[in-house]
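In: pasting the sequence and the predicted model now:
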Amino acid sequence: MSAELGQISLILALVLAALLSVLPMVGAQRNNQALMKLAPSLAIGQFVFLAGAFAALAAAFLKHDFTVTYVAMHSNLLLPWYYRLTAVWGSHEGSLLLWMLLLGGWMLAVAAFSRSVPRIFTARVLSVMGMISVGFLLFILFTSNPFERILPGPIDGRDLNPLLQDVGMIFHPPLLYMGYVGFAVAFAFAIAGLIGGRVEREWVRWSRPWTLAAWAFLTFGIALGSWWAYYELGWGGWWFWDPVENASFIPWLIGTALIHSQAVTEKRGAFPAWTVLLSIAAFSMSLLGTFLVRSGVLTSVHAFANDPERGLFILVFMAVVTGGALVLYALRAPRIMTGEGFDWVSRESALLLNNVFFTVSAAMVLLGTLYPLIIDFMGWGQISVGPPYFGAMFVLLMTPVVLLLPLGPFTRWKRDEFMRILRPLAVTAAISIVAALIVCAWLGSWSLRAVSGWIGGFWLVGGALAYAVRTARASRSGLARHQWGMTLAHAGVGVFLIGAAMVEAHTFERDVRIAPGETVEAAGYRFTLHEVAQVKGPNWRADEARFSIHKGEREIARMNPQKRLYHRGGQTMTQVALKPGVFRDLYIAMGEELGESGAWSVRLHVKPFVRWIWGGAVLIGLGGLIAASDRRYRKQRRQRAGAATASAAEATT
Amino acid sequence: MIRMLIPLGVFLALLGLLIAGLKTSEERKLVQSPLIGKPLPQFSLPGLYDANSVTGRTDLLGEPFILNVWGSWCWACRVEHPFVERLGREAPIELVGFNWKDEREDALAWIDQFGDAWDRHLVDYEGKVAIDLGVYGAPETFLVDHEGIIRHKHIGPIDANVFQDLMRRAMQLKAETES
């Protein structure tokens, strides 16, 4: 029964979304207050029905309702309840429902937290988001309905992909989608601004916390995905330049450019058209990401729901959304105000540089990801672009960013002098070089990557701290939230850089043959295999290797990697054993049993500073959230009450 | 105005590329197992009803046959089973069941419940022969000619269309062998 309720909820949500996409927009054009007032209620109603649909699908999973095809395909009687719950978004149909639920959630939040924004503007924003809802709800109902039944249902279902039976996978998609979908808010603000006819600093200010929050969630989502791939896929890498990873990374790069360009547009009124364009691009790239994952256009480890028909729908949807937005942009952008001029050396220039590097990086990743398609299209045969291309290009593009980043916050708006900026940072630069050399001497690592990683890392962290100290001294009230956020995020980049450089420079990796009773030495650690035992889990059985690890005479860890065979689906999975540490991770993955001798091939890794990669990413994301919570983005009504009536009046003209 | 149209132009070019990509991805789907045209690997496997019987590659040669990979744990195998039964009844060549990574009792209970569609059974408990065969996941169906060359492979459950296609190919193989 619950599946039908879910289906009906979904249809009702579609009806409300359709109303939302039309009525408030018409109201805003005709200055009809009653129609505009409908927007928040419709958004709330839509969210309620989306939540209902989601709950219905979750209930079907928990109750083992195998007459629902989606449940039968992705769950079975042996699956523990928490994985049944997360199986709701474990595959295509359900994950789209989650996408929609989150979009509904963002709309609810916009409806709830926009009291300081003029009604006409909120009406337009919610209406634009309603249009996006309509598209996605049609997509779900017509090509990917999770509530479809098979009668009679099977007695038991298939297994959830074992790769997804993991805590990292519980949170990775929701966080990633929060980011993707969150960019819809920035998109809707930009479109509402274009429809309103003028780009005003006000709406960019209102849009900033939403963009920051979405970007922060995307940061967490990507970091979590990287962490999951690191310990679950059994490869020991942390980033693979896989098309689907790139699909989430491109919107992140654009989003990074966007949050910086928004700062310029809000504070100085400069680059307004560029900010609008980036807002459109960030969401369009999120849609493109969805397309790449869902359509099977590119082959990837993630290819779990390939279907060209669905791909075509998303493509058409993207054509309408992005194409429409860009047409509107072409029509309205020439009327966009231009800000005050600025000098070569100024905060504006610094942020422009940031934008150049980040958008070029995004374009580079996009090009690399689509390169196989281009080659194929031109008939040059089939080729795949490997990590070397991305790695080389990325180091090239990000080196200037690392060098210049600490200078940015010290630079004044409009006009500054190079020497004035450099003077306070000269000490920081000197300290970071000396500190880096000391650390490298202590670690005994003199590779170019490690040394430059440490120098860059100290330079970024030191620069961020220097900024925080100076700003705190200069103002009586200390650092504002958005300044805290920026400091944290910029320091996070430094932490990340150190982790990435050390892992790339000094990872120790070896495949060994080892039998019970034997010991292998690797990077100063001694790995002893005691036995290989048979163990059973709720829905799998496994060969489990029992290792103890010694450094010197001291035992520092016991590790039990597994080779699992899942009962349903017959899939084998490598469950790596990890001994995490602040300064290094030990990592054991089991390969194959070698003959009848009881020996196994085993892969050992020692990964220095690998945690710093995700630690840095978490700092970056936290910085984004803290900045988003700054009240200055919301406290506008009193000062700007005049502006609100002005834009309401403008709609009537 | 013209300058403002540049983003739209870039986007349209991207869109064109993606549409083209979507088309070729459908063609790419047809790319099949690299083992097609290659001989069936050497093996010797026990039977299902009689664990002591041994069937090897040479026992199967001489006549073309269909090899159907299945397991009692495989949900999609249940979906395709009606068509597998029809293949067993209607196809002019032998239908060999390849029981993959399955407990013997489970497989026999499954056959009790859903019916034995196959003319002959092979049991690959450890899944080692399946690796040589290039099996990705059950169900999969192979067509093998009388010289032991793999001629066709279908991945995924058999539906009405696939059934027709397999029947046609089976008749061709039969005719080819007789001529």
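Out: Alright, I've got the coordinates. Numbers count the residues shown, from 1 in each chain, chains lettered A, B, ... in the order given.
In: so the residue positioned nearest the centre of chain B, which state does it fall into?
Out: Taking C-alpha atoms, centre = their mean as the criterion, B:Thr141 is the residue nearest the geometric centre of chain B, at 2.0 Å. On the three-state scheme (DSSP: H, G, I helix; E, B strand; the rest coil), B:Thr141 is labelled strand.
In: am I right that it is in contact with B:Cys77?
Out: No: counting by C-beta atoms under 8 Å, B:Cys77 is not a contact partner of B:Thr141; they are 10.7 Å apart. Any C-beta I mention is one placed from the backbone N, CA and C, and that applies to glycine too.
In: and residue 132, what element?
Out: Picking chain A for this. Secondary structure from DSSP states H and E places A:Ile132 in helix A:119-143.
In: ah, I was thinking of chain B
Out: Counting by DSSP H and E, the element that carries B:Asp132 is helix B:128-133.
In: pLDDT on that helix, on average?
Out: For helix B:128-133, mean pLDDT rounds to 79.
In: hmm, who's touching that helix?
Out: B:35, B:40-41, B:43, B:45, B:69, B:98, B:100-101, B:122, B:124, B:142 (C-beta atoms under 8 Å, 6 or more residues apart in numbering or on different chains).
In: now B:Cys4: closest residue in space that isn't a chain neighbour?
Out: Quick fix: residue B:4 is Met, not Cys. A:Ala330 (4.2 Å; C-beta to C-beta, 6 or more residues apart in numbering or on different chains).
In: return the list of helices and strands in contact with the longest helix belonging to chain B.
Out: Criterion DSSP state H: the longest helix present in chain B is helix B:2-28. The contact analysis (3 or more C-beta pairs under 8 Å, 6 or more residues apart in numbering or on different chains; DSSP states H and E) places helix B:2-28 against helix A:272-295, helix A:308-332, helix A:347-378.
In: tell me the buried residues in that helix?
Out: Buried positions in helix B:2-28, judged by neighbour count with 16 or more other C-beta atoms under 10 Å in any protein chain shown: B:4-5, B:7-8, B:11, B:14-15, B:17-18, B:20-22, B:25.
In: now those in CSV, with pLDDT and distance to A:Ile222?
Out: Below are these laid out as CSV (pLDDT from 0 to 100; distance: C-beta to C-beta, whole Å):
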residue, pLDDT, distance to A:Ile222
B:Met4, 80, 32
B:Leu5, 85, 33
B:Pro7, 89, 25
B:Leu8, 90, 29
B:Phe11, 91, 24
B:Leu14, 88, 22
B:Leu15, 88, 25
B:Leu17, 84, 25
B:Leu18, 83, 23
B:Ala20, 79, 29
B:Gly21, 75, 24
B:Leu22, 73, 26
B:Ser25, 58, 25
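In: and those as TSV, adding distance to A:Leu176?
Out: Below are the buried residues of helix B:2-28 laid out as TSV (distance: C-beta to C-beta, whole Å):
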residue	distance to A:Leu176
B:Met4	32
B:Leu5	33
B:Pro7	26
B:Leu8	28
B:Phe11	23
B:Leu14	22
B:Leu15	24
B:Leu17	25
B:Leu18	21
B:Ala20	28
B:Gly21	23
B:Leu22	23
B:Ser25	23
